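J.: give me a model of this one.
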Amino acid sequence: MADCQRALSVDIYRFPYPVDTSGQNVYKSSLVRLANYEKLYPGRFTEALTFMRARLYERLGDYTQASHYYLQVAAMSGEMSSRAEERLATAKNFETITTFSTNAKNAEEYMQEYEAKLASLDTLIARCAGQDTEPLARLEKEKAEVDFAVFLQDNRHLLQDGTKRAVEEWKAIIKEHKESKNLPSHKIHLADFYFTLAREYVTWMPPERIGFEWGVFENFAIPARDMYYQVSLMDGYPEKLEARGKLEAILAFIETVRKQSR
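T.: Presented below is the predicted three-dimensional model:
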């Protein structure tokens, strides 16, 4: 329980998920330890263990399970019943907003529904301000925005100004989530997208032929190169090594295209 309490104070929006001495996610490993304890000592500290299990599932983003265990604690009418009822309402709110099911018949309707979800998450962040659930709300908003950016990216050929909208969405994510632990990952996502656009252009306009424009190619390749370079200098992030490898790849690609276009 002590390990759980310490881990629950971590701001998982700004910092990585806490790990135990074996390098495992503390929230996941704690669920296993709680289950083992209950097998060894059935009936002991049931209310406290159930409440802690709900907190752990909440931190792991499984709001359905969190609500289930908060409801159990509330029904016990013990010392933690009132706290469980309060957290149950919040967990239910998270569950309702983050469970995204669409009735859209086309891409435009899908985007409208997703934008409504993002607006609901903004409201949720405001409600959770200053509470231990605020990092969760920010994390869910960030995830929803990334999902939306990926949707725009994957469907850019079917949408009006799809490529521009996808790039702008990634840039907005990077700007809004400067304090997030996932900032390097977002930058790599955008760099990867630029790299993809550079490859597509080379496919459509082979460098050896008339019609290929080096300036257009650079509009895609150079931002990708620069962003990989930025992340490759970010100490303390696992994405640093990934960015180094991708930086070498795009430099080699640019040089190959340069030779072919002569």
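J.: contacts for stretch 55-65, please.
T.: For stretch 55-65, the surrounding residues in contact (Cβ atoms under 8 Å, 6 or more residues apart in numbering) are 4, 7-8, 12, 27-28, 30-31, 34, 54, 66, 69, 87, 91-92, 94-95, 98, 133, 136, 139-140. All C-beta spots, glycine's among them, are computed from the backbone N, C-alpha and C.
J.: span of it from start to end?
T.: 10 Å (Cα to Cα, to the nearest Å).
J.: so of the contacts of stretch 55-65, which ones are in strands?
T.: The strands, defined by DSSP state E, take in nothing from the contacts of stretch 55-65.
J.: buried members of those into ChimeraX, please.
T.: This is the ChimeraX syntax for the buried subset of the contacts of stretch 55-65, where burial follows 16 or more other Cβ atoms under 10 Å:
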select :4,7,8,12,27,30,31,34,54,66,69,87,91,92,94,95,98,133,136,139,140
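J.: buried residues, stretch 178-187. List them.
T.: Buried residues in stretch 178-187 (16+ other Cβ under 10 Å): 180-184, 186-187.
J.: from those, which land in strands?
T.: Per DSSP E, the buried residues of stretch 178-187 never map to strands.
J.: which single one of those residues is nearest to E108?
T.: H186 (25.1 Å; Cβ to Cβ).
J.: wait, that closest one touches W170, no?
T.: Yes - between H186 and W170 there is a contact under Cβ atoms under 8 Å: 6.8 Å.
J.: pull up the overlap in contacts between these two.
T.: Common neighbours of H186 and W170 (Cβ under 8 Å, 6+ apart) do not exist.
J.: re earlier: now pLDDT and distance to A144 too, for the buried residues of stretch 178-187, in JSON lines please.
T.: Below are the buried residues of stretch 178-187 laid out as JSON lines (pLDDT from 0 to 100; distance: Cβ to Cβ, whole Å):
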{"residue": "S180", "pLDDT": "97", "distance to A144": "13"}
{"residue": "K181", "pLDDT": "96", "distance to A144": "17"}
{"residue": "N182", "pLDDT": "97", "distance to A144": "13"}
{"residue": "L183", "pLDDT": "97", "distance to A144": "17"}
{"residue": "P184", "pLDDT": "97", "distance to A144": "20"}
{"residue": "H186", "pLDDT": "98", "distance to A144": "13"}
{"residue": "K187", "pLDDT": "97", "distance to A144": "19"}
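J.: which two from the residues you listed end up farthest apart in space?
T.: Longest span within the buried residues of stretch 178-187, Cβ to Cβ: K181 and K187, 12.6 Å.
J.: quick one: low-confidence ranges for the stretch 151-262 of the chain?
T.: Applying pLDDT under 70 to the stretch 151-262 of the chain flags no residue at all.
J.: pull out the buried residues from stretch 106-124.
T.: Residues 110-111, 114, 117, 120-121, 124 are the ones in stretch 106-124 that count as buried (16+ other Cβ under 10 Å).
J.: equivalent analysis for stretch 212-224, please.
T.: For stretch 212-224, by 16+ other Cβ under 10 Å, it's 212, 217, 220-221, 223-224.
J.: for stretch 165-180, same thing?
T.: Under the neighbour-count rule (16+ other Cβ under 10 Å), stretch 165-180 has 165-167, 169-170, 173-174, 177, 180 buried.
J.: what is the distance between that stretch and the centre of its chain?
T.: 12 Å (Cα atoms, centre = their mean, to the nearest Å).
J.: what does it rub up against?
T.: By Cβ under 8 Å, 6+ apart, stretch 165-180 touches 13-14, 138, 142, 145-146, 148-149, 152-153, 156, 159, 183, 186-187, 189-190, 193-194.
J.: now the buried members of those residues.
T.: 13, 138, 142, 145-146, 148-149, 152-153, 156, 159, 183, 186-187, 189-190, 193-194.
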